[in-house]
Structures are given as C-alpha cells and as structure tokens.
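A.B. asks: below are the sequence and a predicted model; questions follow.
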Amino acid sequence: MLIGRRKFLLSAGVATVAFTGRKSWSQGAVPVGAPPYGFPVVQLHTDDTSAQFRLLVNPLRPTIYEATTIDGTPLPLAVLSSTVNPFVRTEALDHVLVEGLQSGRDYLLKAYDEKTGAQVEERIFRALDTRPRVARFVVASCMMDVLEAFQDAMFDAVQKSKPEVIFFIGDTTYTDIGGGNNVADNWRRHIESRRIFNFGKWKRLVPIYATWDDHDFGGNNMDGTLSRKVESLKAFKAMWGWTPRGTALTGHGVSSHVELCGQRFYLMDDRFFRDSAATSSGNQWGPSQENWLMTSISSSATPTWIMNGGQFFGGYLGKESFEYDHPQELARITQTLRELEAPAVLVSGDVHFSELMTIEKAQLGYETFEVTSSSLLSTTNPIQDTKKVNPRRLTSTWHHNFVVIDSDPRKPGGLDFRVRSIGRGLKVYFDKTCSVRRV
C-alpha cells in the first residue's frame with residue numbers, strides 16, 4: 001500500500017495508512033552505495049504477520065513508503081511516528097509498521113521521492129515463524145564506530161551467519177566518544193553510528209532487538225544519577241523503539257520482552273534505575289523492573305533468556321557486574337528464579353571479551369549458564385579474557401567477535417543450545433553445546 005504525504009486513515013483505532021515518510025542518508029549528501037539504497041533502514045520487532053522498521057530520514061525531503069509482495073501485491077502499511085532530532089532539523093527517525101505478512105515469504109519495503117516519484121529505496125524482509133522449534137540468533141555488544149575500518153567485515157560475518165533474529169545487548173554506539181557528553185552529542189553519536197554501521201545498509205533485513213549499557217546510555221560506568229537520562233532515553237527509543245503487539249511488550253526504561261520460537265527473551269535496562277556501585281545494597285534494575293521481570297517469567301514454564309548489558313557473575317573481574325557491585329540484588333534474583341518453573345539462561349556483554357560460564361546448581365537450583373558476548377567493535381587485546389581467573393569459565397576469547405546461538409526449547413523442562421563465538425571471515429573462536437534442565 002502506497003502512503004502519501006499527510007494522508008491517514010484510522011480503522012478500529014489502528015492506523016492502516018499514515019502520513020509521509022522521509023529520506024536522507026546524510027545531511028544532503030550523495031547516498032552511500034548504489035541506488036536504490038539511499039538511507040539506513042533497520043527492521044525491529046517482527047512476528048508471524050507484521051514487521052516494524054526504523055528509517056533514518058530527512059524530514060525536509062519527503063518520501064512515500066510502500067510495502068508489497070515480490071509480485072507487487074500491496075500490503076497495509078502505517079507510519080506510526082516520526083521523531084525529529086531536536087538539534088538537527090534535517091534528521092528524523094520514521095517508525096513504520098507493515099501488516100498482512102505470512103511466514104516463509106519475501107516482501108519488499110520501498111520508498112519513493114514524493115516530488116519526483118523516483119524510487120529511492122528498496123529492502124527485502126520477512127515475517128518470523130514464531131512456532132516452537134530450533135532457532136538461530138546472534139548476540140552482540142560493544143560497537144565503537146571509531147573502528148570503522150573493519151566494521152564491514154564484522155557485520156558481513158554477522159549477516160553470513162544467517163541469524164533469524166539479532167540481539168544488541170548494550171553499547172550500540174559510544175555516545176561519549178568525540179563529543180561533549182550532552183544531549184545534542186548523544187543524538188549526534190547515535191545517528192553517526194547508524195549511518196556508518198552496515199546492518200542499516202543490508203539489502204535483506206533481519207529483525208533486531210536492542211537494549212543499552214553505559215556508553216549508549218550516557219558515558220563510561222554511568223548510573224541512574226545521570227542528569228540527562230530522560231533525554232537519553234528518548235534518543236535511544238527513537239533509534240530502537242517499537243510498538244508492543246501481542247506477547248511482545250516493552251517494560252521499564254528500555255527493557256522489553258518478546259516470545260519467539262517457543263522461548264522468551266528479556267532485554268533488561270541496567271542503567272536508568274541503577275544505584276551507585278558504592279551502594280552494595282543497591283540495585284541495577286530497580287524494584288519495579290525486577291518485579292516486572294519475575295511476574296512475567298512466573299506466568300509460564302517457557303524457557304527464558306535474560307539479557308543484560310553487564311555481567312551477572314562477573315565478580316572475579318573486580319569491576320562492574322551484579323556480583324561485584326550489587327550482590328544483594330543478585331541474591332534476590334537468583335532466589336526468585338529458583339522458585340519459578342521456567343528454566344533460565346543468562347546473557348551479558350560489556351567486558352570486551354566473550355566467555356561461557358557454568359552457573360552452579362547452588363545459585364538457581366539447577367545448573368545453567370551465562371553467555372557473555374563482547375566485543376563486536378571495540379577495544380580488546382590479547383589474553384584480555386584470561387588476565388583474571390574465572391573458576392566458572394568453560395571457554396573464552398579476546399578477539400573481536402559475536403555469539404551465535406542455535407537453541408532448541410522443545411524438550412520438557414529444559415533448553416538445549418549450541419553457542420559459537422565467531423569473528424571476521426566466520427572464524428570460530430569457541431563452539432560448545434549446552435543443556436539446561438529445570439528439575
């Protein structure tokens with residue numbers, strides 16, 4: 001369905017046709033790459049029948065959006081919102097919803113210059129088959145666009161690993177690099193990274209879910225005392241926010257929950273509500289977010305992945321983690337998880353190396369794991385992962401990498417998964433098979 005400027009239609013309270021989209025790759029610059037790939041596009045929450053997108057555009061150069069099947073049949077499309085950078089009027093994030101999808105089919109998202117009618121953009125996308133089955137997803141964190149020289153190779157490897165879903169679990173950009181650490185710089189750095197990183201240029205899109213950690217929140221090791229955290233929240237949601245649908249829900253701060261392929265994924269906010277590290281009795285998630293998580297998990301026995309920007313059991317490093325900074329909250333979390341039916345696996349980032357830990361039965365009442373994925377594109381160096389001894393560690397790597405997980409939730413009371421650390425050129429740094437059983 002072609003969406004023209006300022007045209008809208010409301011049906012049963014849901015927009016099926018909305019106001020115009022907008023176009024730009026950079027501020028009036030020539031588009032990067034061969035036409036029709038004119039501006040960054042990211043696919044966000046996706047289910048069996050719908051997909052949402054964020055497009056970085058120029059509100060002064062309006063475009064018209066259209067979604068179709070491969071053979072040209074139009075689909076219902078709505079522009080749900082357009083969030084303009086409050087400091088640069090030629091930059092905005094359009095939030096687009098496409099409905100009427102079927103799993104297993106390719107679709108096209110297109111954009112046209114409203115004035116000339118010329119096509120300026122086209123991407124391929126799919127709905128997501130959410131039935132219980134083996135699913136492949138990528139987990140990545142720590143993405144510093146200063147390392148632009150080899151980001152192409154890293155994102156090329158991500159794409160070639162063929163994930164069905166991607167989870168960015170913190171530091172999707174480094175807002176504290178190359179700026180004055182204010183609200184305007186926060187917006188600028190998010191947008192600069194969106195223009196640089198290749199996932200916004202992929203012809204075939206993959207659904208991405210994101211949460212933040214310290215650098216995309218506001219600065220190194222920042223916590224809830226950050227004075228501009230509300231403005232930072234608005235900028236992050238403009239880049240990564242999506243509208244809840246069905247079992248896909250947003251929580252407190254930037255947290256969210258999606259249920260895909262017979263598994264639940266919780267992306268937590270470890271910054272907005274975070275107490276000072278000097279307060280051992282304090283919190284990272286805060287009481288309201290913690291209660292939201294546990295109440296949701298308690299609703300069923302569906303296997304659960306809990307994803308956080310920083311590590312849970314990273315106390316051995318002597319720096320930021322639940323175990324080191326907020327041990328009382330960690331004890332409360334593990335005790336609550338012991339009492340719930342759903343088997344849980346922990347996922348984290350931040351530390352600029354990747355590792356797989358065994359979490360002993362004494363913690364949750366059954367043996368489980370913590371998977372740490374870091375860093376995709378940030379500082380690292382040889383033996384960084386082994387400078388401190390971790391008695392829980394099964395394997396690790398210091399190289400730039402991301403983690404690919406093939407997960408099977410179909411056995412009662414448990415979860416089986418294969419976890420691989422992969423770098424440039426699809427080089428495998430570790431490959432382990434894990435099994436969790438909630439007895």
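C.D. replies: Looks like it came in fine.
A.B. asks: where does pLDDT dip in the chain?
C.D. replies: Applying pLDDT under 70 to the chain picks out residues 1-37, 280.
A.B. asks: what about the longest helix in it?
C.D. replies: helix 183-196 (DSSP state H).
A.B. asks: what separates that one from the chain centre, distance-wise?
C.D. replies: 17 Å (Cα atoms, centre = their mean, to the nearest Å).
A.B. asks: could you point out which element follows it?
C.D. replies: Using DSSP states H and E, the helix or strand that directly follows helix 183-196 along the chain is strand 208-210.
A.B. asks: quick one: contacts of that next one?
C.D. replies: For strand 208-210, the external contacting residues (Cβ atoms under 8 Å, 6 or more residues apart in numbering) are 42-45, 165-169, 172, 199, 239-240, 254, 256, 258, 265, 267. Just so you know, the C-beta spots here come from the backbone N, C-alpha and C atoms, and that holds for glycine as well.
A.B. asks: which of the residues in stretch 147-159 are classified as buried?
C.D. replies: 147, 151, 154, 155, 156, 157, 158, 159 (16 or more other Cβ atoms under 10 Å).
A.B. asks: secondary structure of the third one: a strand, I assume?
C.D. replies: So that's residue 154. No - according to DSSP: H, G, I helix; E, B strand; the rest coil, the state of residue 154 is helix, so it is not within a strand.
A.B. asks: next, find the distance separating the most centrally placed residue in the chain from residue 318.
C.D. replies: Nearest to the geometric centre of the chain sits residue 210, at 2.0 Å (Cα atoms, centre = their mean). From residue 210 across to residue 318, the span is 28 Å (Cβ to Cβ, to the nearest Å).
A.B. asks: in the host helix or strand of residue 358, what's buried?
C.D. replies: When elements are assigned from DSSP H and E, residue 358 belongs to strand 354-359. Across strand 354-359, burial judged by 16+ other Cβ under 10 Å covers 354, 355, 356, 357, 359.
A.B. asks: quick one: residues contacting the residue nearest to the last one when sequence neighbours are not counted.
C.D. replies: I take that to be residue 359. Spatially, and ignoring its direct neighbours in sequence, residue 359 is nearest to residue 368 (4.8 Å; Cβ to Cβ, 6 or more residues apart in numbering). Residue 368 is in contact with 343, 344, 345, 346, 358, 359, 436, counting by Cβ under 8 Å, 6+ apart.
A.B. asks: state the number of residues packed around the second one.
C.D. replies: Which is residue 344. 24 (other Cβ atoms under 10 Å).
A.B. asks: that one contacts residue 304, doesn't it?
C.D. replies: Yes - in this structure residue 344 lies within contact range of residue 304 using Cβ atoms under 8 Å: 4.6 Å.
A.B. asks: which neighbours do the two share?
C.D. replies: Taking Cβ under 8 Å, 6+ apart as the criterion, residue 344 and residue 304 both touch residue 297.
A.B. asks: gap between the closest residue to residue 120 other than its chain neighbours and residue 58?
C.D. replies: Nearest residue to residue 120, sequence neighbours excluded (Cβ to Cβ, 6+ apart): residue 38, at 4.4 Å. Taking Cβ to Cβ as the measure, residue 38 falls 10 Å from residue 58.
A.B. asks: so which of the two has more stuff around it?
C.D. replies: Each of residue 38 and residue 58 has its neighbours counted (other Cβ under 10 Å); residue 38 has more, 24 against 21.
A.B. asks: columns distance to residue 413 on top of the buried residues of stretch 147-159, output as JSON lines?
C.D. replies: JSON lines is the format used below for the buried residues of stretch 147-159 (distance: Cβ to Cβ, whole Å):
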{"residue": "147", "distance to residue 413": "43"}
{"residue": "151", "distance to residue 413": "41"}
{"residue": "154", "distance to residue 413": "37"}
{"residue": "155", "distance to residue 413": "37"}
{"residue": "156", "distance to residue 413": "39"}
{"residue": "157", "distance to residue 413": "34"}
{"residue": "158", "distance to residue 413": "32"}
{"residue": "159", "distance to residue 413": "35"}
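A.B. asks: closest one of these to residue 72?
C.D. replies: Nearest to residue 72 among the buried residues of stretch 147-159 is residue 159, at 26.4 Å by Cβ to Cβ.
A.B. asks: still on that earlier bit, out of the contacts of residue 368, which one sits closest to residue 373?
C.D. replies: Checking the contacts of residue 368 against residue 373 by Cβ to Cβ gives residue 346 as the nearest, at 11.7 Å.
A.B. asks: thought residue 359 was touching that closest one, still the case?
C.D. replies: Yes - at 6.9 Å, residue 346 counts as touching residue 359 under the criterion of Cβ under 8 Å.
A.B. asks: intersection of neighbour lists for those two?
C.D. replies: Both residue 346 and residue 359 are in contact with 313, 368, 369, 370, where contact means Cβ under 8 Å, 6+ apart.
A.B. asks: tell me, how many residues neighbour the third one?
C.D. replies: Other residues within reach of residue 369, judged by other Cβ under 10 Å, total 21.
A.B. asks: what helix or strand is it on?
C.D. replies: strand 368-372.
A.B. asks: partners of that strand, with directions?
C.D. replies: According to DSSP bridges, strand 368-372 forms sheet pairs with strand 344-348 (parallel), strand 354-359 (antiparallel).
A.B. asks: let's have the ones you listed in CSV, adding distance to residue 333.
C.D. replies: Shown next, in CSV, are these (distance: least, Cβ to Cβ, whole Å):
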stretch, distance to residue 333
strand 344-348, 10
strand 354-359, 12
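A.B. asks: nearest to residue 272 among those strands would be which one?
C.D. replies: Per Cβ to Cβ, nearest to residue 272 of the strands paired with strand 368-372: strand 344-348, 17.3 Å.
A.B. asks: contacts for that closest one?
C.D. replies: Outside strand 344-348, the residues touching it (Cβ under 8 Å, 6+ apart) are 139, 167, 169, 297, 303-314, 337, 359, 364, 368-373, 415, 417, 434, 436.
A.B. asks: many thanks, I have nothing further to ask.
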